[in-house]
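Chemist: next comes the sequence, and after it the predicted model I'd like to discuss.
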Amino acid sequence: MSAILQATDLAVVYDGFRAVDGVSFAVAPGESFGIVGESGSGKSTILRAICGLAPASEGSIVVGGAAGRLKPGSRAFRRKVQMVFQDPYGSLHPRQTIDRILAEPLAIHGVKDAEARITRALDEVGLGTGFRFRYPHQLSGGQRQRIAIARALILEPEILLLDEPTSALDASVQAEVLNLLEELRIRRHLTFVMVSHDLAVVTHMCGRLMVMRNGKTVEILPSVSLTRGDIRSDYTRELMAASLGFRRTDAPPVPG
Amino acid sequence: MSILLDVQNLKVAFPNRDGDYVEAVRGVSFALGRERLGIVGESGSGKSQTGRAILGLTAPQARVSADRLTFDGIDLLKASPAERRALRGARIGMVLQDPKYSLNPVMNVGNQIVEALQAHRKVGDREAREQALAMLAAVQIDRPARVFDLYPHEVSGGMGQRVMIAMMLIAEPDLLIADEPTSALDVTVQLQVLSILDRLVAERGMGLIFISHDLRLVSSFCDRVLVMYAGRVVEEIAAADLGAAQHAYTRGLLSCLPRLGEHRHPLPVLSRDPEWAR
């Protein structure tokens, strides 16, 4: 099976600072691949590099396997790769109706059946056409994130890049959005690359995951190994412990 | 245990466009000693408004009422704005969610701590600086003298939040209200900040109200948890007994979180019963 997305020795450098430093991974078609790490670990920068928002300084990103290489940022590429951003409050245009937000990518790519697609996209994310002529501020956070997902899916991409898609949402809404994403992935045979700081969310959604720190890969491992505790690096173990919550015993000693 | 804060039937209502009022907090009652109390709920449950009403930071157009709202014997509802001001910061402190927005961007962090101290205590400049440096060291900042001169944009999120805690604790309040103090931080940094907060609260014998949307975190940190839904407390439970929660909302909130090592596809979602909001 050839990879649909392959990054080789990827580096993103800003003024000498290596935000992403020599990262390689491959994602198979239909796979759900997770990237975890703390802020500043470079996880979001990788997504931005994949979709061409952050220029890759070194290394390569190949999308579509060896047969159909697509240039990041090109029109054909953008039809195949779409992204959902973290903050549904910041990623939707506040002065545009949902209808216009969803029509925009269709207009850019010259898709003819806009009407039918918008209706279908809204149905698919479980909102219905009643929401079509509302503005983003009239929707809740979970509803907005559903619109962001609808906007990404309306071009029928193959790869969906998810940058912390639920971290701005309440727990109960998070469960709904995660279920929706999973259902869409199975129905549409999508490939996911999902970035999150929440290990539980990533292991729930993804088959394999990459742990990052300071722009470098700490390790790539299947989710089942992580949950079984089959971990090689101490850093991953530290993240695991941290995600289990606060324990009074591990409070650091009081400095003199 | 002596009661530090007594809240009976607290209501906070905001005017809507029709000249009517919408109740954000609808009759919250609890008493707090020198302990760690968690208030958990989703956005819009009224948890932050409860904290703000105690401090007297509710927006001026809102209506606050309660059968009883006393802090250490002082009736907060009858207190004048000047009396509330004297309490705020000096005896009741508040740590807010995001240090990026809560610190003054054009003042170095050290002077902000000094300002907080001098607003409440008569302390000379040199002495205040010494105390601020000691406080920075107490929140485990390496090289406090260097950090003192930094501006908020020059410190990381975790460091900014520790600066906020230092600023709030320097006047040695009796009660600290922490509104989502670690939600903007990474998990590992979150734990460091929590353990600092935990130690300082224990050392100084403060009461703590920890407001958060994260039920798991709150239950691992606090002694007692109030679960809020639609402006009301639907359940009060000892943190250790959270697994035995009775209310369907608390149980639903717990079960819809993905857990490490569990395969539940799809995740159970919360089906809201209109009865809960009654």
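Modeler: Cool, got the structure. Residues are numbered from 1 along each chain as shown, chains lettered A, B, ... in the order given.
Chemist: which parts of the helix of greatest length in chain B are buried?
Modeler: For chain B, the longest helix by residue count, based on DSSP state H, is helix B:187-204. Burial within helix B:187-204, assessed by neighbour count using 16 or more other Cβ atoms under 10 Å in any protein chain shown, is assigned to B:187-201. (C-beta placed from N, C-alpha, C; glycine too.)
Chemist: same for chain A: which of those residues are within range?
Modeler: Contacts with chain A within the buried residues of helix B:187-204, counted by Cβ under 8 Å from any Cβ of the partner chain: B:Val187, B:Thr188, B:Val189, B:Gln190, B:Leu191, B:Gln192, B:Leu194, B:Ser195, B:Asp198, B:Arg199.
Chemist: for residue 40, grab the count of nearby residues.
Modeler: Since no chain was named, I'll use chain A. Neighbourhood size, A:Gly40 [other Cβ atoms under 10 Å in any protein chain shown]: 16.
Chemist: the intended chain is chain B.
Modeler: The number of residues packed near B:Val40 is 27, by other Cβ under 10 Å.
Chemist: what's the answer for A:Leu162, then?
Modeler: With neighbours defined by other Cβ under 10 Å, the count for A:Leu162 comes to 26.
Chemist: and A:Val13, by the same measure?
Modeler: A:Val13, neighbours per other Cβ under 10 Å, totals 15.
Chemist: residue contacts, the closest residue to it other than its chain neighbours?
Modeler: Spatial nearest neighbour of A:Val13, chain neighbours left out: A:Ser57 (4.1 Å); criterion: Cβ to Cβ, 6 or more residues apart in numbering or on different chains. Counting by Cβ atoms under 8 Å, 6 or more residues apart in numbering or on different chains, A:Ser57 makes contact with A:Ala11, A:Val12, A:Val13.
Chemist: and the last one, helix, strand or coil?
Modeler: Read it as A:Val13. The three-state label given to A:Val13 by DSSP: H, G, I helix; E, B strand; the rest coil is strand.
Chemist: do the one 10 residues further on as well
Modeler: Counting by three-state DSSP, the backbone at A:Val23 sits in strand.
Chemist: what sits against the closest residue in space to it that isn't next to it in sequence?
Modeler: Closest residue to A:Val23 apart from its sequence neighbours, by Cβ to Cβ, 6+ apart: A:Leu10 at 4.8 Å. Counting by Cβ under 8 Å, 6+ apart, A:Leu10 makes contact with A:Val20, A:Gly22, A:Val23, A:Ser24, A:Ile46, A:Ala49, A:Ala56, A:Glu58, A:Gly59, A:Ser60, A:Ile61.
Chemist: quick check: the gap between the spatially most central residue of chain A and chain B.
Modeler: Nearest to the geometric centre of chain A sits A:Leu162, at 1.4 Å (Cα atoms, centre = their mean). Distance of A:Leu162 to chain B, computed by Cβ to the nearest Cβ, to the nearest Å: 14 Å.
Chemist: isn't that residue up against A:Val201?
Modeler: No. At 10.3 Å, A:Leu162 does not count as touching A:Val201 under the criterion of Cβ atoms under 8 Å.
Chemist: can you pull the pLDDT of residue 228?
Modeler: Going with chain A. With respect to pLDDT, A:Arg228 scores 86.
Chemist: ah, no, chain B please
Modeler: 94.
Chemist: cool, and A:Met1?
Modeler: Looking at A:Met1, the pLDDT reads 55.
Chemist: near chain A, which residues of the stretch 51-200 of chain B are found?
Modeler: B:137, B:140, B:157, B:186-192, B:194-195, B:198-199.
Chemist: would CSV of the residues you listed with pLDDT be doable?
Modeler: Output for these, formatted as CSV (pLDDT from 0 to 100):
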residue, pLDDT
B:Ala137, 90
B:Gln140, 85
B:Gly157, 82
B:Asp186, 79
B:Val187, 80
B:Thr188, 80
B:Val189, 80
B:Gln190, 83
B:Leu191, 85
B:Gln192, 83
B:Leu194, 87
B:Ser195, 88
B:Asp198, 88
B:Arg199, 86
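Chemist: may I ask which two of those are separated the most?
Modeler: The largest separation in these, counting by Cβ to Cβ, is between B:Ala137 and B:Val187 at 24.7 Å.
Chemist: mind checking which helix or strand A:Leu47 is in?
Modeler: Per DSSP states H and E: A:Leu47 is located in helix A:43-50.
Chemist: helix or strand right after that helix?
Modeler: strand A:58-63.
Chemist: now do that next one and helix A:43-50, the angle between them.
Modeler: With axes from the mean of the first three to the mean of the last three Cα atoms, to 10 degrees applied, the angle from strand A:58-63 to helix A:43-50 works out at 70 degrees.
Chemist: remind me which residues of the chain are low pLDDT?
Modeler: This is for chain A. Residue ranges of chain A with pLDDT under 70: A:1, A:65-68, A:249-256.
Chemist: the chain in question should be chain B.
Modeler: B:1.
Chemist: helices along the chain, start to end?
Modeler: Assuming you mean chain A. Counting by DSSP H, the helices of chain A are A:43-50, A:75-80, A:98-108, A:114-124, A:141-153, A:171-188, A:199-205, A:223-228, A:234-243.
Chemist: um, chain B though
Modeler: With helices called from DSSP H, chain B shows them at B:47-55, B:81-87, B:99-102, B:109-120, B:125-138, B:144-148, B:157-169, B:187-204, B:215-221, B:248-255.
Chemist: can I get the ones you listed in CSV with distance to A:Leu226?
Modeler: Shown next, in CSV, are the helices of chain B (distance: least, Cβ to Cβ, whole Å):
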stretch, distance to A:Leu226
helix B:47-55, 33
helix B:81-87, 48
helix B:99-102, 31
helix B:109-120, 38
helix B:125-138, 36
helix B:144-148, 36
helix B:157-169, 24
helix B:187-204, 15
helix B:215-221, 18
helix B:248-255, 21
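Chemist: ok, which of the ones you listed comes nearest A:Leu139?
Modeler: Across the helices of chain B, closest to A:Leu139 is helix B:47-55 (Cβ to Cβ), at 21.1 Å.
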